[in-house]
Every structure is written in structure tokens, then in C-alpha cells.
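Visitor: what follows is a predicted structure for the sequence shown.
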Amino acid sequence: MEGPLLILAGAGSGKTRVITHRIAHLIVNHRVYGPSVLAVTFTNKAAGEMKERVLSLLPEGSGPGSAALAPTVSTFHSFCVRLLRRDGDSLAEIRPGFTRNFTIYDDDDQLALVKQIFKRLGLDEKFMQYRAALSRISHAKNHQETPQDLHNLATDPKTARLAVIYEQYEAGLRQANALDFDDLLLESVRLLTHDEELRHLWNRRIQFLMIDEYQDTNRSQYQLMRLLSDTHKNVAVVGDEDQSIYGWRGADIRNILDFERDYPDATVIRLEQNYRSTKNILEAASAVVANNKERKGKWLWTDAASGTPIGIYEAIDGENEALFIADTINSILTRQPDTRVAILYRTNFQSRQIEEALRRYGRPYKVVGGFSFYQRAEVKDALAYLKLLTTRRDNVSLLRIINTPARGIGRTTLDQVEAEAARRNIALWDALELAVSEHWLGGRAEAAIAAFLRLIEELSQEAERGGVEAALKGILERTGYWRMLQQDTSPESESRQGNLEELLTAAAEAVERGETIAEFLDHAALVSDADTVDEGATIGLLTMHNAKGLEFPVVFIAGMEEGLFPHSRSRDSEAQMEEERRLCYVAMTRAERRLYLSWARYRRRFGGGQPEPTLPSRFLKEVPRHLVEKLNPEREPRLGDIDLHSERHEVRETARRNTYTGRTYNSIEHINQFFAERNAPASGKTPIASPVMTPVTPQALTPAAPPAQAVARREEAGQSDVPPLFRDLPQPPRNAPSPPPTPSAPAYPARKPPNAPLPPPPSASPRRRRGLEPGATVMHAKYGRGTLLRKEGDGEDAKLTISFKTGLKKMVAKYADLTVEE
DNA sequence: CGGTTTTTCGTTTTT
DNA sequence: CGAAAAACCG
């Protein structure tokens, strides 16, 4: 049990089981004191689960007695925060100004700081994207390069300038007594290196160290491991080089490849039996990752049956892909309502379309990540106030809320104060105080600032007495933030209020757990998207990265196209391409029984523009053909096929109805406006947008209708609860024999792009009644004469799209003061 | 100053 | 299409 241990655990080989059993074994059979075992996991959620599982393995079960024997389980970041908050005092010796009540700068805070610096240096995003600058700074930090190093190494003026930004970024953090995510690790390493006594203390405290997902640790995490296990060397690491997917974040694959060199007496254990997936899935995933050159190479095996072939669906476009996924899930869940399904994608924005499709079927789903709770503007505002109460030096938080809600401290005033703060090299807060005491601003501004300073001081005193919940309540009320939201009657404001109420609930719970304000804020900064995964949820939408460590009976992988997955940003480097491939391996091996891969022949890059032709992902071709079942109908789409476009339009409109903003510019309407302005319709009548849209280039975009038998088969299966609109979706032929192997290599011939946007043939839709119907000329008091292009709905609630001289306007019949002209 | 409207611009992945 | 910056107006 003692000594270094390397466990090379393939996907689905039950490594969590191995770790938990090992810990329990140590505690039960070797009488190791539980808390002296530190297990490091990748997410907080994984940590919580691991703790649970170990406790359940202890003899007394989950009784309160065994809780005292619980091991320490946490992420590296949480561990470091606790270390620094508890024992961080001596860090001040090497990081002047550091105190243990430091703030944590999350992604948004970092971004705000960089923007601030850019502004001060007279730069903008044309120089370099903020995020790009941040990621380069992070890279430098993680490779222990100082700004000076960067400057010396710079071969181009951009890098030289970046060194200056980097320097100021670090200065900004120090001035605010803030640590960013990198610092949490880096400064912990520095602290333990610097403070020998503390290091020895921790070496005694931790007798066994275990690290999960070791392939994704970075350099500072590696150093931390070395520092913490200095004397006893009882380190067990678990990882799989084929699942290393965080290279871009500094994960160093050498950590795992060189473990045996670092610890020559290490025991190595290989877990190569997969207990999760069917043989088909395992073989397919293994075949894909086998294309990587940089790997030790291993071949997983399983006792499981072959199972169903991998389903591949070639959609006509993104929307069709989404509908295919939703429809397939719908039939699966109709038959087996408890099946858990995951939809995985490369980039977060892909979720939107899939969500729309699922909503159309009324299937509840859960999206992981994207825009998390703690990133919402209102939540961040509230937390910024809270941070400011703890750390007055926190410039980023201060700037965030100084004029939210508006209190008369505008840009001009702030510019002056910022300039003065920079000149004297003091924190913004101090500069504000000086502005008041030295009167170098106008009277109005000074009064506003004085009132603000007083407010924060008062809130701060209250917070000290009352705890998090009281502090938050005080903030929301006394700053006028709550009132501001209440006065805003928009639906967004309602959801904001809801979010803040949720935050208050979280605060109340924190108080019950006896947490301080600082601990509450730490939690807010360190929760990850993956922590919010609800494994009980039936349908989950998440990125492949967030799916790490999870498993689902049914998995869809969407958007398997060159440029999307593998992502275009990985194109130029072989190493990055291999990481994409590992990501594909991770994604595929999440599936237990059924795996679907889909791609779209055309996809629009942004909301507006034309759909652009795509190429299938190289990973699709790397899946052995004999494991694949193509789910497309055999027949090519034809012109007379039922047009899904109009249906899709409906879907969109339904989804949009709630967020109706009063102005919509979609291309069909633009085209109609084009005609309306020229007033030159072929038919001689005013061209009218018929309620049913004519598809653009039907040959290219109309999805295939399934063969009649497929539909019939489906009806037989008792699925008449499917909305009629979707009966015509392409259906995977059930029980159909595998398609004959396609003979020629290019299974997915590249297509020509759809023709340039063409004006829809003005469908001479018959005019129904006279009056407020499309085509009518109307007068509006403010906008003058216009042409009614489109009408949605009937009666006084009808939504009208009207082309005025000034442009397109959408209005509701009963509110718009319109007169119809003959 | 502060709110609203228009323009621009662009999407990896995240502790 | 949607977010963020820029421009605009009361």
C-alpha cells in the first residue's frame, strides 16, 4: 500500500471504484486516519461523490461515527484556497500586500482587468483580443515566465507590448489583493516552497495522496503533488493518456508519461477491461483514437455483447440535425421513459438549436454550462458588492458596481479618478476618498462619490455583524438595486429578481452551514459547470469536456464536421488535432448502449447568413465501416417532398414568441422589402410574403422525406403522440438490414454551395378580405406611409410587419394606430 | 449623465 | 442571431 503507484485506467474500467476501495481499504485494514488521506478530483461534484462512496464502504455504513473518518477529498483549486486562507500568512513575505482575505478573480474579473489595462494603454481589441491576451498571460504564468522574461524573449513588437500588459495585470491583481485561478495553484506552490515549516506540517498531515484524472494536471499541480508528498512518497495517481483533453489549459501530458521516471520504484497497474460500453462502441472509439501517434498504445477489451451499430445521421442542415436528435430521443423515451440520454457537442452555442427542437417536443432537458448561474450579470453585481465589503482594494468589483444602479458617477468622473489613482499608484477606492477630501472634482460628482463611500462603509459594518444573508439583503435594498429591478417591468427583470432570490437562498444555506462571507464567495468562484450536472436528468445537453467522467446509456454527438469538430482552431497543429481526437474518444466512450453521431451538410456560421457547405469530420471516417449503421433514408431529397421549411419557421416563431422584441430582420422579409421598395412584382400585384415560406434552393435544403414504409412502420409502433408536423421527419429505419457498404471512398461528396439568395417567387397568394391584409398600404402617425408585408395571427392581436421608409417595423394591430389606404 | 438605438463583430474547450 | 461596443439623443 505504501510507495508511489501509477494506475493507467482506460475509459470505463472502473477507476473510481478502484480509488474508493483503496481509500476504504487504507482506513479499515491499515488503520490509516481518514482525514490524512487526501484525494484530489477534477470537479467538486466528483469530490463529493467520492467521499460518499468511501463512507458507504466503511463498516459503520453512513453513520455519524464514520463521518469523522472521512478522507479529505477536493479539487486542487479548492484545496489551495483552503490552504491559503488558513495558513497563507507567510506568503506576504514573498508577495507584498497579500492577506488571507484575498479575493478570487474569476474569468469575468480577469477580463475586466485586462480591458481596464488596455484602455489605460490606449489599446483596444484591434491590437489583440482580450481573451487572447489573457490566455497568453496565463500561459506565461504557468511556465513561470515573468513579464521581464517575456519582454526579453519577445521577437515581435506585439509580444513586447504584451509583456507590459502582463506586468500591469500582475500589478493590478496585487493591488486588489486578488488571485486568479492560476495564482491559486502557483501561490500555493510558492508558499509551500518558501515556508519550510508549513511544508513539513502538511507532509505530516497528509499521509496518502491520490490524484484522479492525472493526465489533465498541469505543471503547478504536479509541483504541488511533489511538495505535499515530499517525505512519505505515498502518491497514487490515476489517469489515461488517451483522455487528456485540457492541454490548452496547461495540462502537461508528460506528467503521466514521465511518472515512472519521476518515481523509479513506482508500481504500475493497468486497467484495460471496459465495463461500460458495448463492444461496438468500444471498438469504434478505440479505432478512432488509434489514429493518434503520441500515445503509449493500449487496447481495451470487454466481455459485453456487440450491441447495436453506431448510428450515423447525415442531416441537411443544423436545424434538421437538431430535429433528428429530438425526434429520435422522443421515440426512445416514448418506449422507455427512464432512459438517460446525453447530447454532446464541441461548442456551447450548438445547444441552442437542439434546445429548440426538444422544446418543440415538450421534452424537458437540462443544459450544463454555457451561461452559469454565477455568471449572470445581476448575480455578479451582488457578489461584487459583497467582495467590495471584504476587500476595499478590489478595483474590478468596485468599477463593476460603482454606478450600478446609476448614482451619478459617470464615465468622465471615473476617468479622472482612475487617472489620478494610476498617477499616485493607489487603489481606486483610496483615490475616491482623496477626491472627496481634496475636492478635485465637481460638486455633484463629489457628493455622489461621498454618498457611495458612506454607503459601502455602512453596509460593511452591517455585514460584519449579520453574516452573508443579511449582508446581501442590505446590499440589494440599500443600494437601490432591488428597486431598480422592480421598476423594470420587462420579463428579463423578472428572471433577474428570481436569480437574486435564489442567491439569497444560497446565502441562507451558507449561514446555516456556518460559512463566512469569504467562504461563500470562494464557493461562488469555484463552482464549475460540471458540478451542476444532474445525472438523474433524462436529457442532458453538455459539451464533451463537461462529459468527462460521466456515462449515459444513450449518447448523441452532434456537429461532427470539419472545422467544428475537430475545431478549426486546432487545424494547424498536429498536437492539437490529436487532442481533438482524444476528445472524440472521451465523448464516444461515454455511451453505454447506444451511440449516435450526426453532422450537417450545410450549417450557418452565424445566425443570419447563408448556410455554408461543410465536410464531414475526419473522425467519422475513422469509425470502421462495419460498426456503422446509416440512419438516412435511402432516397435523395426531391422537390415535391413535404417542405419542412415552413414547419421550421413555425418552430422558430413559437420559440421566439416570448422574447418578441418588436424588431426582427429575417432574410425573407428583407427580400420582400426589396420588392416592396421597387414596387415591381412580376405579377403586377404588390408582392406579398405568403405565410408559408418558400424554401431557398429547395434541392439543397429540403430535407428528405422518409420512405413511405418507414412512416408506416412508425405509426404501427404506436407513436401517434408525435406532433403531426414531425411525422415526416427522416426516421432511422428500425430493424432494417445494415446498408450495403458504399463502394467508393468519398462517402460524403462535397456539394456545391446553395445558389445565391434568390428572391422567392412571389407566390400569388390570393387576397382574402380587404383591409389589414398583407399588401395593404397603411398610414402611421409617426412613420408615415408603409406597406404591410406580413401578418401573423388574426384580429387585434395580429402581429404586423410593415415596411416604412425608415425600414421594417413590427407592431401589434391593436396598439399600432394604423389606417388602411385603398 | 444616462438611457436607448444602431452598428459591429464574431463563436473552442474551463478549473 | 446575440452580445458588446459605439453612437446617438433627451
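Guide: All right, it came through fine.

Visitor: switch to C-alpha atoms for all contacts and neighbour counts from now on
Guide: Noted.

Visitor: residues from the stretch 1-150 of chain A in reach of DNA strand C?
Guide: Applying C-alpha under 7 Å from any atom of the strand, we find that the stretch 1-150 of chain A lies next to DNA strand C at A:Asp124.

Visitor: which stretches of the stretch 1-150 of chain A form strands?
Guide: Read by DSSP state E, counting those that start in this stretch, the stretch 1-150 of chain A holds these strands, from start to end of the chain: A:5-9, A:37-41, A:72-75, A:103-105.

Visitor: could you dump the ones you listed to a markdown table with mean neighbour count, mean pLDDT and distance to A:Asp242?
Guide: Listed next are the strands of the stretch 1-150 of chain A as a markdown table, based on neighbours: other C-alpha atoms under 10 Å; pLDDT from 0 to 100; distance: least, C-alpha to C-alpha, whole Å:
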| stretch | mean neighbour count | mean pLDDT | distance to A:Asp242 |
| --- | --- | --- | --- |
| strand A:5-9 | 22 | 95 | 10 |
| strand A:37-41 | 24 | 95 | 18 |
| strand A:72-75 | 21 | 95 | 21 |
| strand A:103-105 | 25 | 94 | 32 |
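
Visitor: turn those strands into CSV, columns for distance to DNA strand B.
Guide: Converted to CSV, those look like this (distance: least, C-alpha to the nearest atom of the strand, whole Å):
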stretch, distance to DNA strand B
strand A:5-9, 21
strand A:37-41, 8
strand A:72-75, 6
strand A:103-105, 10
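
Visitor: show me what counts as buried in stretch A:475-484.
Guide: Of all the residues in stretch A:475-484, those buried under the rule 16 or more other C-alpha atoms under 10 Å are A:475-476, A:479-482, A:484.

Visitor: restricted to helices, list these.
Guide: A:475-476, A:481-482, A:484 (DSSP state H).

Visitor: which residues are contacting stretch A:116-132?
Guide: A:111, A:114-115, A:165, A:168-169 (C-alpha atoms under 8 Å, 6 or more residues apart in numbering).

Visitor: which of the residues you listed sit farthest apart?
Guide: The largest distance within the contacts of stretch A:116-132, taken as C-alpha to C-alpha, falls between A:Leu111 and A:Gln168 and amounts to 13.3 Å.

Visitor: residue contacts, A:Ala287?
Guide: A:622-624.

Visitor: 10 Å instead?
Guide: A:281, A:299, A:585, A:619, A:622-624 (C-alpha atoms under 10 Å, 6 or more residues apart in numbering).

Visitor: in a helix, it, correct?
Guide: Yes. Judged by DSSP: H, G, I helix; E, B strand; the rest coil, A:Ala287 forms part of a helix.

Visitor: sorry, back to before: wait, which of the ones in helices among the buried residues of stretch A:475-484 is closest to A:Arg496?
Guide: Distances from A:Arg496 to those, taken by C-alpha to C-alpha, are shortest for A:Trp482, at 9.8 Å.

Visitor: surely the closest one touches A:Asn499?
Guide: No. Contact criterion C-alpha atoms under 10 Å: A:Trp482 and A:Asn499 do not qualify, at 11.8 Å.

Visitor: can you give me the neighbour number for whichever residue of the stretch 601-750 of chain A sits closest to DNA strand C?
Guide: As assessed by C-alpha to the nearest atom of the strand, DNA strand C sits closest to A:Gly607 within the stretch 601-750 of chain A, at 3.1 Å. Using other C-alpha atoms under 10 Å, A:Gly607 has 8 other residues around it.

Visitor: torsion angles phi and psi at it?
Guide: When quoted as degrees, to the nearest 10, the phi and psi of A:Gly607 stand at phi -50, psi -50.
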